[in-house]
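Chemist: my questions concern the predicted model and sequence given below.
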Amino acid sequence: MKQTEIQTDIVIIGAGASGMMAAHFCAKGGKEVYILDHNKQVGRKILISGGGKCNFTNLYGSDPKDYYSENPHFVRSALSRYSPWEFIDLMTKNNIPYEERLHGQLFCKKSAKDINTVLLSQLQKPNIHLKLSEADLEVSIKSDSFYVANANISIKTKKLIIATGGIVLPQIGASDFGYVLAKKVGHKIIPVTPALVPLKIEGFSSLSGNAFIAGITCNGHYVAENVLFTHKGLSGPGILKTSLFWNHGDSIEVNWLPSMSLADMLKKVSGNTRVDNMIKKYLPNSFVDLFFERIDIDGSLYVSRLSKDMILKIKNELHYMKLVPTNTEGFRKAEVSRGGICTSKVSSKTLESQLQPGLHFIGEVLDVTGQLGGHNFQWCWASASAVGEALR
């Protein structure tokens, strides 16, 4: 088959959240845009995110404190210029029903497919060309032009936007394409690890399916949210949020009952109350039984028979238990990647490489990871808007 040769204004590699949004913004000024993806459909990660409902932004807004990056200020410029309300307006104009859940998280009421429908509708312009199933793309750079090619197509452009995302969910085609290209032109790559991911912790498999609110501290960051016990360890929003700050070998400190102190519990019961029954008023029976087994104290003891050392041990293990995860559940279970292209040589205003003029990076491929709650998608929309503003 003969290779099609094309010359255009802007090429975007990656037809996910940031790539589709960038195509829309870049085309506003009339420039011709080609958007390429190796998948057969757009936005595959969008479709499976948020349990198929896509947590597309956060009503309370996003700011640098909601992101993990070597440069915590990098996100400030783009986020300040594209607010959650602008994406909410887009949803409203397209009659997409959505709902608010805990902590301002906004989800589609019907399906994440609605997000893809909206983003695709914005690509229906004569100067936007969407090319799917374009596998094995290679990028070469000659003087001030980029050549994007495979066996089917060869495109010459002055402006190239990389929106290929991270390497989570390899089953939907995630790849390291963006990292490889960035490294080729001299960018540093921050080691990429799974984030917003369950943690493997031994000793709790018998509690699989139980869930309750716990307080978790990791590397100075505290989260108090639901924790879900699994066959492999711990999951749930509290653990996923904690995983953003966890590094291999770190311990986490768990307060299994953040809403009530042991001292207050002891004041409320008589001396002939079993200590395990006292705690079972607040936590699941199966957890309490395992808890006393783990700390090697007889839970059937009456409160009046507890020594000072026993009370201190129960207090420390109930409110400050140290656990050392053996690992995360990996990229297959992670919602995002942590790490990526170091932002030190990328403009925070235009997202352009300072090492290779005309080359821009947006979305998750950069060393920018949002906290659970819609912040990662908000970064996709905001970084796409910033690059569109720079190029249109």
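Modeler: Looks like it arrived, so ask away.

Chemist: rest of the way, CA atoms for contacts and neighbours
Modeler: Will do.

Chemist: in terms of secondary structure, what does the lengthiest helix in the chain contact?
Modeler: Ordering each helix of the chain by length in residues (DSSP state H) puts helix 375-391 first. Contact partners of helix 375-391 among helices and strands, from 3 or more Cα pairs under 8 Å, 6 or more residues apart in numbering; DSSP states H and E: helix 17-27, strand 55-58, helix 76-81, strand 369-370.

Chemist: what is the shortest one packed up against?
Modeler: Counting contacts by 3+ Cα pairs under 8 Å, 6+ apart, strand 369-370 packs against strand 67-68, strand 336-341, helix 375-391.

Chemist: look up how far residue 78 lies from the residue lying closest to residue 28 once chain neighbours are set aside.
Modeler: Nearest residue to residue 28, sequence neighbours excluded (Cα to Cα, 6 or more residues apart in numbering): residue 392, at 6.4 Å. The gap separating residue 392 from residue 78 is 16 Å, by Cα to Cα, to the nearest Å.

Chemist: more neighbours, these two?
Modeler: residue 78 (23 against 15; other Cα atoms under 10 Å).

Chemist: so where do the strands sit in the stretch 1-150 of the chain?
Modeler: For the stretch 1-150 of the chain, strands defined by DSSP state E, counting those that start in this stretch occupy the ranges 4-13, 33-36, 55-58, 67-68, 98-100, 105-108, 128-131, 138-142, 145-149.

Chemist: just name the most buried of those strands.
Modeler: Of all the strands of the stretch 1-150 of the chain, strand 55-58 has the most neighbours on average by mean count of other Cα atoms under 10 Å, namely a mean of 27.

Chemist: all strands for the stretch 251-392 of the chain, in order.
Modeler: Under DSSP E, counting those that start in this stretch, the stretch 251-392 of the chain gives strands at 252-255, 321-323, 327-328, 336-341, 359-361, 369-370.

Chemist: export these to CSV and tack on distance to residue 349 and mean pLDDT?
Modeler: Shown next, in CSV, are these (distance: least, Cα to Cα, whole Å; pLDDT from 0 to 100):
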stretch, distance to residue 349, mean pLDDT
strand 252-255, 36, 98
strand 321-323, 41, 98
strand 327-328, 34, 98
strand 336-341, 16, 96
strand 359-361, 11, 98
strand 369-370, 18, 98
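
Chemist: residue 198 is nearest to which of these?
Modeler: Among the strands of the stretch 251-392 of the chain, strand 327-328 comes nearest to residue 198, with 5.8 Å by Cα to Cα.

Chemist: which residue lies farthest from the center of the chain?
Modeler: Relative to the centre of the chain, the most outlying C-alpha is that of residue 272, 48.9 Å out, by Cα atoms, centre = their mean.

Chemist: quick check: that residue touching residue 306?
Modeler: No. Counting by Cα atoms under 8 Å, residue 272 stays clear of residue 306, with 10.9 Å between them.

Chemist: and for the two, which residues touch both?
Modeler: Contact criterion Cα atoms under 8 Å, 6 or more residues apart in numbering; residues shared by residue 272 and residue 306: none found.

Chemist: gap between the helix or strand harbouring residue 154 and the chain center?
Modeler: Using DSSP states H and E, residue 154 maps to strand 153-162. Centroid separation between strand 153-162 and its chain, computed with Cα atoms, centre = their mean, to the nearest Å, is 28 Å.

Chemist: can you list the strands of the stretch 1-150 of the chain in a markdown table and add distance to residue 356?
Modeler: A markdown table is the format used below for the strands of the stretch 1-150 of the chain (distance: least, Cα to Cα, whole Å):
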| stretch | distance to residue 356 |
| --- | --- |
| strand 4-13 | 15 |
| strand 33-36 | 20 |
| strand 55-58 | 31 |
| strand 67-68 | 25 |
| strand 98-100 | 40 |
| strand 105-108 | 37 |
| strand 128-131 | 24 |
| strand 138-142 | 9 |
| strand 145-149 | 10 |
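
Chemist: could you dump the ones you listed into JSON lines and include mean pLDDT and distance to residue 258?
Modeler: As requested, those are arranged in JSON lines below (pLDDT from 0 to 100; distance: least, Cα to Cα, whole Å):
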{"stretch": "strand 4-13", "mean pLDDT": "95", "distance to residue 258": "46"}
{"stretch": "strand 33-36", "mean pLDDT": "98", "distance to residue 258": "49"}
{"stretch": "strand 55-58", "mean pLDDT": "97", "distance to residue 258": "26"}
{"stretch": "strand 67-68", "mean pLDDT": "96", "distance to residue 258": "25"}
{"stretch": "strand 98-100", "mean pLDDT": "97", "distance to residue 258": "25"}
{"stretch": "strand 105-108", "mean pLDDT": "97", "distance to residue 258": "23"}
{"stretch": "strand 128-131", "mean pLDDT": "98", "distance to residue 258": "51"}
{"stretch": "strand 138-142", "mean pLDDT": "96", "distance to residue 258": "53"}
{"stretch": "strand 145-149", "mean pLDDT": "97", "distance to residue 258": "54"}
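
Chemist: for residue 362, which of those strands is the nearest?
Modeler: strand 4-13 (10.1 Å).

Chemist: just name whatever secondary elements the closest one is in contact with.
Modeler: With 3+ Cα pairs under 8 Å, 6+ apart as the test, strand 4-13 has helix 17-27, strand 33-36, strand 153-162 packed against it.

Chemist: list the contacts for residue 305?
Modeler: Contacts of residue 305 (Cα under 8 Å, 6+ apart): residue 271.

Chemist: could you do residue 342 as well?
Modeler: Taking Cα under 8 Å, 6+ apart as the test, what residue 342 contacts is 70, 187-190, 366-367.
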